[in-house]
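Undergrad: 3D, please:
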Amino acid sequence: MKIALLIVDMQKVFLENPKEKLNIDSACEHINYVADLLRSKNHCVIHIQDIEGAEDIHSESLDIISAIKVEDQDIKVTKEESNAFWNTELEQILKDQGIGLVIVAGFAAEHCVLFTYNGAKERGFTTVILQNGILSTNSDVISHTYRDRNIISYPVIEFIVG
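TA: As a prediction, this is how the structure comes out:
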């Protein structure tokens with residue numbers, strides 16, 4: 001079974017100067033570790049970037065934050081809606097890659113992460129949230145997300161990919 005890690009909206013515009021204290025370093029550490037692990041076993045890493053309102057924003061602020069590693073083999077998908085599957089090529093990319101398990105990580109747990117998680121499930125993919133790999137500006141959202149969704153930790157991913 002092939003695995004895809006969807007890294008959602010880890011962009012400068014959202015995360016460079018957050019008003020709230022976010023645990024960005026820890027989330028990036030988990031995301032990067034899992035991404036490296038998956039890349040080493042020829043699985044798929046996809047960076048999803050929100051470009052909604054891009055004409056009103058300095059384009060550099062739409063870039064992925066420097067704390068997230070982006071490799072040449074990674075795939076990039078842009079979106080204008082909260083659900084990264086809506087009006088994008090993401091579903092076809094996953095099908096073309098033969099993906100069976102979708103792991104969702106990134107920002108913001110209560111918006112784009114959740115909607116993308118739901119979008120993957122609606123399209124028939126086995127879908128999980130990366131434990132310690134999601135961020136939110138609302139402190140209680142992370143625990144609610146974990147409580148109500150399927151989650152996966154990096155040791156389980158290590159076991160799965162061998």
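Undergrad: could you use CA atoms for every contact and neighbour count after this?
TA: Fine.
Undergrad: pretty sure Ile103 sits in a strand.
TA: Yes: counting by DSSP: H, G, I helix; E, B strand; the rest coil, Ile103 falls inside a strand.
Undergrad: please tell me how far Val156 sits from Leu135.
TA: Applying CA to CA, to the nearest Å, the value for Val156 to Leu135 is 21 Å.
Undergrad: actually Asp148, not the one I typed
TA: Noted for Asp148: a distance of 16 Å to Leu135, by CA to CA.
Undergrad: can you check His43 too?
TA: For His43, the distance to Leu135 - CA to CA - is 23 Å.
Undergrad: what do you get for His47?
TA: Distance check for His47 against Leu135: by CA to CA, it reads 15 Å.
Undergrad: and Leu114, by the same measure?
TA: Distance, Leu114 to Leu135, using CA to CA: 11 Å.
Undergrad: what touches both of the two?
TA: Residues touching both Leu114 and Leu135 (CA atoms under 8 Å, 6 or more residues apart in numbering) are Ala108.
Undergrad: okay, Val156 and Leu135: which has more neighbours?
TA: Neighbours were counted for Val156 and for Leu135 using other CA atoms under 10 Å; Leu135 has more, 24 against 10.
Undergrad: pLDDT weak spots in the protein?
TA: Within the chain, the segments meeting pLDDT under 70 span 18-19, 53-58.
Undergrad: longest helix anywhere in it?
TA: helix 24-40 (DSSP state H).
Undergrad: which residues touch that helix?
TA: Helix 24-40 has contacts (CA under 8 Å, 6+ apart) with 3-5, 7, 15, 44-45, 67-69, 105-106, 130, 132-135, 154, 157-158, 161.
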